[in-house]
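Q: Sharing a model prediction with you, sequence too.
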Amino acid sequence: MTHIRLLKYTAIALATVAALTACKPKQQQPQGGLPVVSVIEAKPETVKLNTALTGRLEASRVAEVRARVQGVVLKRLFEEGSQVKQGQPLFLIDDAPYRAAKASAQAVFDKARADMNRMKPLMEAGAISRQEWDAIVQGYQVAKSNLETANINFSYAHVTAPISGRIGRAEVSEGALVSPNAATLMATIHQDNPLYINFTQSADEVMKMRRDIASGKITAIDGEIPVRVFFNDGTEYEHTGKLLFTDPTVNATTGQVSLRAVIPNPDNILFAGLFVSVEIANTEIPNAIVLPQQAVTRGQTDVVMIVNKDGSYAPRPVVVSGQQGNNWIITGGLNQGDKVIIDGMAIVQMMGAKQVQTKPWGVDMPPAGMPPRGQAGQGGQAGQPENKGQPENHSENAEQRQPETSAKTE
């Protein structure tokens, strides 16, 4: 009995030792391996620049409807907040006095015209003097002028829309006395299709954009600089505008330059006075390379670290021409296929390594000296042997099955 148990425990011990011996070569990794750095392979592309600013919408045309004759307002002929068309009647001012003045001027004009027509043959025959004829012609011209004035005043009593657009609230109501002397404001019309967007940008950025466009480094789309509009919730407005002009002067206090863009508003979704986010987009830089900011050391000379074909690394001066989000736009110093180090240089410097291993940026960094995860020949996580649990499982199975064998032997 005792002898059998001794044989059982000896077999278990031998199986455990064999399992540990089999695992030991796979658990030990070569020491002093090359550190791994994350790299991005340089790929030139056409980069679209986006400059985000804050702008305020402004109506493209604003017309203040004011009284041009004196009188009492009889009717309001529009609905407040509605769209009106140019020439549409808005108010009716009591026109009785102006209708009477028009009729009187018309009568005077008709008599002056008749006198001139009757006296013309006499003047041609020499029956009247030149002085008498000149007085008749002058009377006709004065009567004609008075009639035109009477017609104008009569028309001013019928207030119409000077432009098409959205009309606001009525500033006067029926029964109000209006006067041209006080230039009484009656209503305001805003033409909100299209709308202007007024915003500012630093003078340095405006000058740089102009230089880049002039040199061909930045190419405008269809000869225009497109402008995109975003609402406060981040959604983009469906229509795209365009940059109109730049103010030729710089604000001496802020160093900003005033800019204006125009954007269509056919559905009347936008309102004048609304603040929006403006993005001057779709200007292009050809043959540029986009790198994360941590890859570039900024200074008098901007530098990146490049991994050579033999695994060594070296600094490389580059030209930074702009920013796109959290990335730098590189326009000089890099060639297609160059491997730019993004992460891992701190470990390389601590180890004093002269050569490195590379892996695409964005993959989890393995421990120093370990190959990247997912390489051929490595199972599971880096640094762990393949099928590590199998010997232990065999040992446990042997231990679990051994008592059954002992019981049968006994």
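A: All right, it came through fine.
Q: Who are the contact partners of the closest residue to Ala52 other than its chain neighbours?
A: In space, Ala52 comes closest to Glu279 once its chain neighbours are excluded; the distance is 5.2 Å by Cβ to Cβ, 6 or more residues apart in numbering. Placement of C-beta: from N, CA and C, glycine included. Contact partners of Glu279, counting by Cβ atoms under 8 Å, 6 or more residues apart in numbering, are Asn50, Thr51, Ala52, Leu53, Val227, Arg228, Val229, Phe230.
Q: which among those end up buried?
A: Thr51, Leu53, Val227, Arg228, Val229 (16 or more other Cβ atoms under 10 Å).
Q: just the strands in the stretch 51-200 of the chain please.
A: 71-76, 83-84, 89-93, 158-160, 165-167, 177-178, 185-202 (DSSP state E, counting those that start in this stretch).
Q: In a markdown table, list the ones you listed along with mean pLDDT, mean neighbour count and distance to Gly33.
A: Below are those laid out as a markdown table (pLDDT from 0 to 100; neighbours: other Cβ atoms under 10 Å; distance: least, Cβ to Cβ, whole Å):
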| stretch | mean pLDDT | mean neighbour count | distance to Gly33 |
| --- | --- | --- | --- |
| strand 71-76 | 94 | 16 | 87 |
| strand 83-84 | 92 | 18 | 75 |
| strand 89-93 | 96 | 20 | 85 |
| strand 158-160 | 95 | 18 | 87 |
| strand 165-167 | 92 | 21 | 72 |
| strand 177-178 | 94 | 18 | 92 |
| strand 185-202 | 92 | 19 | 49 |
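Q: got the angle between the longest helix belonging to the chain and strand 71-76?
A: Counting by DSSP state H, the longest helix found in the chain is helix 96-125. Here the directions of helix 96-125 and strand 71-76 differ by 110 degrees (axes from the mean of the first three to the mean of the last three Cα atoms, to 10 degrees).
Q: roughly how far is helix 96-125 from the heart of the chain?
A: Helix 96-125 sits 66 Å away from the centroid of its parent chain (Cα atoms, centre = their mean, to the nearest Å).
Q: in that helix, what counts as buried?
A: Buried residues in helix 96-125 (16+ other Cβ under 10 Å): Tyr98, Ala101, Lys102, Ala105, Val108, Phe109, Ala112, Met116, Met119, Met123.
Q: what's it packed up against?
A: helix 130-156 (3 or more Cβ pairs under 8 Å, 6 or more residues apart in numbering; DSSP states H and E).
Q: before we move on, the earlier item: from the contacts of Glu279, pick the one nearest Arg260.
A: Ranked by distance to Arg260 (Cβ to Cβ), those are led by Val227 at 9.9 Å.
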